[in-house]
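In: Fold the following for me, if possible:
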Amino acid sequence: MSTTFGTHGPSHPRAGVIARRLGQSVAEKAFARAGLHRSDSAYARSRAADLRTRVAAGERVLLLGITPAFHNSGAALVEVTKDAGLRLLCNEEEERYSGVKLTTEYPELAVQALHERLREHDASPEEIHTCVATWDYANVVGHSLQVSFEEFPGPLVHPPEEFAPRHLLLAARAPRRVASQLGLPGHMPIVMMRHHDSHAYCSYALSPFSSSDETTMITVIDGYGDDCSVSLYVGHGGALKQVRNNGSALDSAGLIYDQIASTQGGWTSLQAAGRYMGAAAWGDCDRLTNPYYKRLRQLAYFGPDGDFRLNRRFARWQAAGQRKPYHHELTDILGAPIPLERLWKPDAVLNVDDIQHAELTRDRVDKAAALQLLFEDMIFHVVGWFILQTGSTRLVMTGGTALNCVANMRLLEHYDEEWYARYLGREDVRLRAWVPPMQGDPGTPPGAAFAFAMRAGVRQARPMRHAFYCGRGPRRDEVREACAVGGEVEVEELGDTSDAEQCEAVADRIASVVANDGVLGLFQGPAETGPRALGHRSILANPCNPHTLELLNARVKYRERIRPLAPIATLEAAQTLFELSPGVSDDDYNGYNYMVFTARARAEAFRRVPAVIHRDGTARVQICRPSDPLTHAFLLAMGRHAGVEVSVNTSLNVGSPIVQTPRQAIAALRKAKAMDGIVIVADGVAFLVRLVGPRRAEASAGAELVRAAVSSPGDGGRGACGR
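Out: Coordinates of the predicted model:
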């Protein structure tokens, strides 16, 4: 290991091993009695054998994946057939229906929605072959006790906010609750899959690389799983093999980022990382000059074989959680942590416009930049070792840390043709990467089903083309009912989007409003799965006005100044305005469909679309395809009205998760102060829903403010960030 000041590894490793063996053995038996079986159990093996037999005979097999407890609970339906292989039918995220971000409750509403999807696919609950869970809860108990005894005296289970007894009880009750909701007698047995398998198998199967016989690397670098925080796999021709894991839930790049982002940024755990990444772009991102980076790097040890370890001399969260997260050495570097009681939970607020955001200071953003640099060091350390071991040029990244789209971009910039030539002696090759749109835990319910089927021998899957798998499109009666609640809205029918000519007219109407600095929501079809709005639950605004960023953050989303806006663009516009990486070029730049990579802006972009260029000169690009007819037609119309086939695209939510229903969408419209309306497509017909009276005047006033700002000398047309 590196000779950096401090200590690494657990304090009492032998006690941890004993506690794990005893705890896991007891938990395995208890969960089996409740109807939850491990993936190597006799029950699981018999179901896998039966699945192989049925698929070989040409039958359609349905699998239900579920997260019955822990954050991002949800349920997914996956179809397995001989000819088509694996096909994702739906992925229902509980938070979308309940309105509780990152909910840890049993996914009652998600299972209810999945029951409806069964009917839409001419299936019944009796046809569900196997139900699989996204965590091995017996493993969770064993590993949690291991960590607790390794770090004794510490919390009884770790981390206490996640692996609490209450959540384990929810999981134990799931077999009966699922059966009851689906109208089945008794209980539905559930096979528990390893959490990182749930991430890896689905992400690989849906990637452009899964049908190739060339080696593909799959990295699951997570906050924590049920037995580790880093798992590495190789894929060949649709089959996956795990090659190593780091065996620790605490030596975690995701956990380090989350803990520092939370205790320095002021947001609660799991809500902090994305916001702190936005702040990092405002700080000093140079490893030579950042005032915090060199000392903060001591928080991790970088060892052989791509291994890294948490420096226990600096961190205390492994033993004391967020109540006393730092030793004095870390306090000396970063200052005192923000107390737990003062942390703000962004998505659990009621009066969103009363929020007082933390002051934007040089120290704060430089600390964020230092953390981002350390995080990238850890990711590069793992991936670099993996490339040297395999010689592969193909990488699928998944797990929660793959949400860091800046690190994803820089990884591709680092492992380029020059690197492969220098270290592997290979000419004209470079790293190519793909990241799914639901790389975090919302992707594990379908992932558990994919893992079960693929381990049973199913190999074929269709590469992912879109992310619209959550719920269904709204119906006219639902729009009418939503508009009737509270009044103060008017509805205008715009046209039938199923007719090509009318669809183009609707798109032109939307573009004419947006190009003139109006702000419109777009609500159509099933929602996106994963954390990014991609054109079905989006807020659209003018990318050409540098003041759009300030307007949306302050008067629509009520967000911090550090939060950027993302562009949605046609492929041609994206190639013209941004430096799309050749490392994301597979399957016609499929990786840019999901806002998972940033791209550096060309000089032309700073002039033409300043609202979507972040402080560091990058943008989290999303390419929209003709397969999404209305959104694509809108972008073409933006080319006619604004001169660029680009729009601001931010998620349709105000102090809540991304909206799922018309009622939630109209509630967001009421909360926002500068939103002109929402276009809702119900049964193929587009309706423009607008507020009336004083609220409509308030939204119009917001648009007037941003129009007036266009002609102000301001920052020379280079955006509100002052680049």
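
In: Check the secondary structure at the residue lying closest to Pro662 once chain neighbours are set aside for me.
Out: The spatial neighbour of Pro662 that comes closest, neighbours along the chain excluded (Cβ to Cβ, 6 or more residues apart in numbering), is Ala482 at 3.9 Å. Where you see a C-beta, it was placed from the backbone N, CA and C, and this is true even at glycine. Under DSSP: H, G, I helix; E, B strand; the rest coil, the three-state class of Ala482 is helix.

In: how far does stretch 428-442 stretch from start to finish?
Out: 37 Å (Cα to Cα, to the nearest Å).

In: before we move on, the earlier item: who's in contact with the residue nearest to Pro662?
Out: 661-663, 665-666 (Cβ atoms under 8 Å, 6 or more residues apart in numbering).

In: Would you format those as JSON lines with neighbour count included?
Out: As requested, the contacts of Ala482 are exported to JSON lines (neighbours: other Cβ atoms under 10 Å):
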{"residue": "Thr661", "neighbour count": "19"}
{"residue": "Pro662", "neighbour count": "25"}
{"residue": "Arg663", "neighbour count": "17"}
{"residue": "Ala665", "neighbour count": "23"}
{"residue": "Ile666", "neighbour count": "24"}
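
In: now, which of those lie within helices?
Out: Within the contacts of Ala482, membership in helices is found for 662-663, 665-666, as judged by DSSP state H.

In: and which of these is nearest to Arg96?
Out: The nearest member of these to Arg96, counting by Cβ to Cβ, is Ala665 at 11.6 Å.

In: And for the closest one, nearest residue in space, chain neighbours not counted?
Out: Val659 is the one closest to Ala665 (Cβ to Cβ, 6+ apart), at 4.6 Å.

In: sorry, back to before: output the contacts of Ala482 in a markdown table, with pLDDT and distance to His236 appended to each entry.
Out: Formatted as a markdown table, the contacts of Ala482 follow (pLDDT from 0 to 100; distance: Cβ to Cβ, whole Å):
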| residue | pLDDT | distance to His236 |
| --- | --- | --- |
| Thr661 | 97 | 43 |
| Pro662 | 97 | 46 |
| Arg663 | 96 | 48 |
| Ala665 | 97 | 44 |
| Ile666 | 96 | 50 |
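
In: How far off centre is stretch 641-651?
Out: Chain-centre distance of stretch 641-651: 23 Å, with Cα atoms, centre = their mean, to the nearest Å.

In: ok, now stretch 173-193?
Out: Using Cα atoms, centre = their mean, the offset of stretch 173-193 from its chain centre is 28 Å.

In: now do stretch 115-125
Out: Put simply, stretch 115-125 sits 27 Å off its chain's centre (Cα atoms, centre = their mean).

In: Phi, psi for Arg38 please.
Out: When read as degrees, to the nearest 10, the backbone of Arg38 gives phi -70, psi 160.

In: pLDDT at it, what is it?
Out: What the model reports as pLDDT for Arg38 is 98.

In: Next: Arg561.
Out: As predicted, Arg561 sits at a pLDDT of 88.

In: Helices of the stretch 1-150 of the chain, residue ranges please.
Out: Counting by DSSP state H, counting those that start in this stretch, the segments of the stretch 1-150 of the chain that form helices are 13-34, 42-56, 94-98, 108-120, 137-150.
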